[in-house]
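1. sharing a model that was predicted from the sequence below.
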Amino acid sequence: MRLQMSFQLPSQGSWVFLERRKRLVKQLGDVAFVVFAGTYRPRNYAANIYRYRSDSHFLYLVGAHMPGAVLVGRGEQCEIFAEPEDPQNPLWHGDQPGWDEVVRQTGVSAVRPLSELDDALTQLGGVDKVATLPAVDPATRAWQAALLTRSWGQASVPPLATNDAALADAMVNLRMVHDSPALTYMREAAAATRAGHLAAMAQTRAGAREHVIRAALESEIMARGMAMAYGSIVTVHGEILHNEDHHHLLETGDLLLADAGAECEGWASDVTRTWPVSGKFSPTQRAIYDIVLQSQVEACDRVRSGVRYRDLHLGASLTLTRGLVELGILRGTPESLVERGAHALFFPHGLGHLIGLDVHDMEDLGDRAGYAPGRERSEQFGLCYLRLDRDLQPGMVVTIEPGFYNVPAILRDRDICGQFDADGTLNRERLAQFADVRGIRIEDDVLCTAGDPEVLTAAIVKDPAGIEAQVGAALADERR
């Protein structure tokens, strides 16, 4: 028998997935688990589909992209249930590996027809006895809910029953600390991301459109057989945190912010760099850039085992605030300003997040992954967006991405700015002199080790002189 539609088996040996499943079973004990790979998603009609990628939990345990497949396990026994191949499938997708090959490369006990899944669940004691995780894809989640009688409703992160919660906690514990094969792929993703960002800098010139620079960046990643880990942000409007438009014209005096990363075998990279379109920072741009860079470099160096990530965020905020006080944009004692949240006027998001198989790793589980037990999100503006509040440990990879943003919506919001305008904390006249700084963010992926941190993306230039030398390099070569 063969699988329906095209699919991709892992390039790593089956031992990787056997070991991961063993560690999962050690935490779950005798609890059976069911993990869904997810289904294809059509764009506008059934045969026009988005690129398929298995659910990250399934991918972590099996390593294969198998549309519609289901992993069922208890103890050492793990089986995949999948649709047999449609006889017409080879015509459209070519010959696919047989189920024996799937067993060999994933290390599961067997691959069985999906029609046998109901009986298998009954043999495990019934659907209320097994543990599962809600899929992100609505169609897959609806199938799960019907099959396993889960009452999840429309919540993006529904409350979990006892066994489901145990599986979620076990997956968080496993996926939070990356094994050697995962780190190998993340380093490969970082190398491809470096090539993309350098190409984007080299192609930057006044008169080009943002989508031209985006194409230069993404083509380097695609040329290495990889996909993008998320939708690229390539914009002269860096004050829009998740800007997905790419039609603006690049003009002399603009800063271009590029937030883009490769995905290698499912493992993500996430990098942001900001550079001047002209190839030279203005004095005001350079002043703010230096503050953000100092904040980012210091935070990267503080990624150490046992350090609380929330403290990293507050430390980076303090460095940023000191710089803004020195420039006269903010008035007051930096420590007091951070305590009051004044820094969030210009740095409204969190310092970063976990990264792994998901660019925001395991956020399908909500704060269960990002926040340690007993810790909750702050209600303070800015700090409430912090995605991670755990103590770092060796094997964790986090992003470090402070920024400065001149966001009109924040600066005209009386609820946010009112107190800082009233007591003179915010110097709007001085801020107006930095009008050519819309947004600056600098982001790297950092591995926590037993000693010094390893910045996986360190080879992507971020010092001002290096950036200025790289911007427009392709055009300079053409002129020569």
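-> Structure received. Numbering: from 1, shown residues only.
2. residues making contact with stretch 421-433?
-> For stretch 421-433, contacts defined as Cβ atoms under 8 Å, 6 or more residues apart in numbering pick out 284, 327-332, 337, 340, 342, 345, 406, 411, 417, 419-420. All C-beta spots, glycine's among them, are computed from the backbone N, C-alpha and C.
3. if you count neighbours, what's buried in it?
-> For stretch 421-433, burial by neighbour count (16 or more other Cβ atoms under 10 Å) applies to 425-427, 431.
4. which residue, other than its chain neighbours, is closest to Thr193?
-> Spatial nearest neighbour of Thr193, excluding adjacent residues (Cβ to Cβ, 6 or more residues apart in numbering): Ser269 at 4.3 Å.
5. can you tell me which of the contacts of stretch 421-433 are in helices?
-> Using DSSP state H, the members of those that fall in helices are 284, 327, 337, 340, 411, 417, 419-420.
6. pull out the buried members of the residues you listed.
-> Judged by 16+ other Cβ under 10 Å, buried ones among the ones in helices among the contacts of stretch 421-433: 327, 337, 411, 417, 420.
7. which pair in the ones in helices among the contacts of stretch 421-433 spans the largest distance?
-> Put simply, by Cβ to Cβ the two of the ones in helices among the contacts of stretch 421-433 set farthest apart are Thr284 and Gln419, 26.3 Å from each other.
8. ok, so what distance separates Met396 from Thr425?
-> 35 Å (Cβ to Cβ, to the nearest Å).
9. do the same with Ala465
-> Taken as Cβ to Cβ, the span from Ala465 to Thr425 is 34 Å.
10. how about the buried residues of stretch 421-433, which pair is most distant?
-> Thr425 and Leu431 (11.6 Å).
11. give me the phi and psi angles of Asn427.
-> With angles defined as degrees, to the nearest 10, Asn427 sits at phi -100, psi 90.
12. and it, how far from Val325?
-> Taken as Cβ to Cβ, the span from Asn427 to Val325 is 10 Å.
13. intersection of neighbour lists for the two?
-> Counting by Cβ under 8 Å, 6+ apart, the residues touching both Asn427 and Val325 are Arg331.
14. can you check the distance spanned by stretch 136-156, start to finish?
-> 8 Å (Cα to Cα, to the nearest Å).
15. my bad, stretch 294-311
-> 16 Å.
16. alpha carbons of the helix ranked longest in the chain, as CSV, please.
-> Counting by DSSP H, the longest helix found in the chain is helix 180-203. What follows is helix 180-203, C-alpha atoms only, in CSV (Å, rounded to 0.1, in the frame of the first residue of the first chain):
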residue,chain,number,x,y,z
SER,A,180,21.6,17.8,18.4
PRO,A,181,19.7,16.9,15.1
ALA,A,182,17.4,19.9,15.7
LEU,A,183,20.3,22.3,16.3
THR,A,184,22.0,21.0,13.1
TYR,A,185,19.0,22.0,11.1
MET,A,186,18.6,25.4,12.9
ARG,A,187,22.3,26.2,12.1
GLU,A,188,21.6,25.3,8.4
ALA,A,189,18.5,27.6,8.4
ALA,A,190,20.6,30.4,10.0
ALA,A,191,23.2,30.0,7.2
ALA,A,192,20.6,30.3,4.5
THR,A,193,19.0,33.3,6.3
ARG,A,194,22.4,35.0,6.3
ALA,A,195,22.7,34.6,2.5
GLY,A,196,19.2,36.1,2.1
HIS,A,197,19.8,39.1,4.3
LEU,A,198,23.1,39.9,2.7
ALA,A,199,21.6,39.7,-0.7
ALA,A,200,18.8,42.0,0.3
MET,A,201,21.2,44.6,1.6
ALA,A,202,23.3,44.3,-1.5
GLN,A,203,20.3,44.9,-3.8
